[in-house]
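# got a predicted model here, sequence first, then my questions.
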Amino acid sequence: LDDATYTSDNCTVSVTTSSDVVSDNLSLSSFVIDTTAPTLSTVTIASNNSITTMAKIGDIITLSITSSEAIQTPIVLIAGQTAETLTASGSS
């Protein structure tokens, strides 16, 4: 299907994976096909260290991301460690 919003009073959708596994049917009144990946317009990182481009154990690191559309909360690793606290809202 082309990228668009599709509406119908009686619509069912299923998904087939690349290995030909088919999902159960899902009844919907509308759905959106969006194959365009979001772009990240802003990505910044800073710490509360007196030198904000550096961090040591115990410092707070702030990573800010703004995308062209709403995205799921990302998984963030810093020096191989999962970030402890993440907050997200819409495209930020």
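Received it, and whenever you're ready, just let me know what you need.
# CA atoms for contacts and neighbours, from now on please.
Fine.
# so how far is residue 28 from residue 4?
15 Å (Cα to Cα, to the nearest Å).
# looking at this protein, which strand is longest?
Identified as the longest strand of the chain according to DSSP state E is strand 4-13.
# residues in contact with that one?
Strand 4-13 has contacts (Cα atoms under 8 Å, 6 or more residues apart in numbering) with 25-34.
# quick one, which of residue 4 and residue 28 is more surrounded?
Legend: neighbour count by other Cα atoms under 10 Å for residue 4 and residue 28, higher for residue 28 (14 against 11).
# list the contacts for that one?
Counting by Cα under 8 Å, 6+ apart, residue 28 touches 8-13.
# do that again at 10 Å, thanks
6-13 (Cα atoms under 10 Å, 6 or more residues apart in numbering).
# again with residue 62
Contacts of residue 62 by Cα under 10 Å, 6+ apart are 44-48, 52, 86.
# and it, what are its bridge partners?
Residue 62 has these beta-bridge partners by DSSP bridges: residue 46.
# quick one, strands of this structure?
Applying DSSP E to the chain gives strands spanning 4-13, 26-33, 40-47, 61-67, 77-78, 81-82.
# using CSV, write down the CA coordinates of the fourth one.
Once non-C-alpha atoms are left out, strand 61-67 reads as follows in CSV (Å, rounded to 0.1, in the frame of the first residue of the first chain):
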residue,chain,number,x,y,z
ILE,A,61,24.2,13.5,31.5
THR,A,62,21.4,15.0,29.4
LEU,A,63,20.8,13.8,25.9
SER,A,64,18.2,15.8,23.9
ILE,A,65,16.8,14.5,20.7
THR,A,66,14.1,16.2,18.5
SER,A,67,12.7,14.1,15.7
